[in-house]
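[1] only geometry, no sequence info:
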């Protein structure tokens, strides 16, 4: 498990006074402001984030130290991370997607299918990007209860019941 969890992405400037657009990945999108200080991949820290409004797909906000449109635009597509300790404790049957990366994926017959490379969401639903054992091409598996009935963080594995042929197609590609 990682000590930092991605909680959102900056979308560049909103106006000319340094406000930014933010897309929140939090279950309660407005809670992103509660998890400060937020940091970027390269370690830049924002000790305070104040939501100032809503826009389609996210919020507008003021971030400590960002005062110009140019500074805000320089942050376009920058991921924001929060310390795991600042995030709420989850019930036993819930997890952060970052915790899935690296887990072994087994089918319902206990055969190894591969390893979770990432969790992707393009708006229509979540996908597990799985790197099949011995292959270089990944497989995208819709992350639904039907396709992924079990996630067991304590044993480091995911049980999958993928649609017929999804992994066979990867082997012939």
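    Yep, it's here. Note that the structure is a prediction, hence the values are computed from the model and not measured.

[2] mind showing which ranges of the protein have poor pLDDT?
    Applying pLDDT under 70 to the chain flags residues 1, 123, 169-173.

[3] In it, what residue spans correspond to helices?
    With DSSP state H as the criterion, the chain has helices at 69-73, 166-172.

[4] Enumerate every residue touching residue 33.
    By C-beta atoms under 8 Å, 6 or more residues apart in numbering, residue 33 lies in contact with 49-51, 61. Quick note: C-beta positions are derived from backbone N, CA and C, even for glycine.

[5] From residue 70, how far out is residue 43?
    21 Å (C-beta to C-beta, to the nearest Å).

[6] And these two? Which one has more around it.
    The neighbour count for residue 43 versus residue 70, taken as other C-beta atoms under 10 Å, is higher for residue 70 (11 against 7).

[7] Report the contact partners of the more buried one.
    Counting by C-beta under 8 Å, 6+ apart, residue 70 has contacts residue 13.

[8] i'd like the first residue to be 784 from this point on
    That works, and once the first residue is 784, the last one we named lands at residue 853.

[9] what's the domain layout of the chain?
    Listed by automatic domain parsing, the domain ranges of the chain are 787-869, 880-955.

[10] out of the ones you listed, deepest packed?
    Most buried of the domains of the chain, by mean neighbour count (mean count of other C-beta atoms under 10 Å): domain 787-869, with a mean of 16.

[11] Just the terminal-to-terminal distance for that domain.
    Taking C-alpha to C-alpha, to the nearest Å as the measure, domain 787-869 stretches 10 Å from start to finish.

[12] So residue 949 sits against residue 925, correct?
    No. Between residue 949 and residue 925 there is no contact under C-beta atoms under 8 Å: 9.4 Å.

[13] neighbours around residue 874, how many?
    Neighbours of residue 874 using other C-beta under 10 Å come to 7.

[14] Identify the residue spatially nearest to residue 897, adjacent ones excluded.
    residue 915 (4.0 Å; C-beta to C-beta, 6 or more residues apart in numbering).

[15] oh, I was asking about residue 859
    residue 795 (3.7 Å).

[16] do the same with residue 820
    residue 830 (4.5 Å).

[17] Contacts only, for that neighbour.
    Contacts of residue 830 by C-beta under 8 Å, 6+ apart are 819-820, 847.
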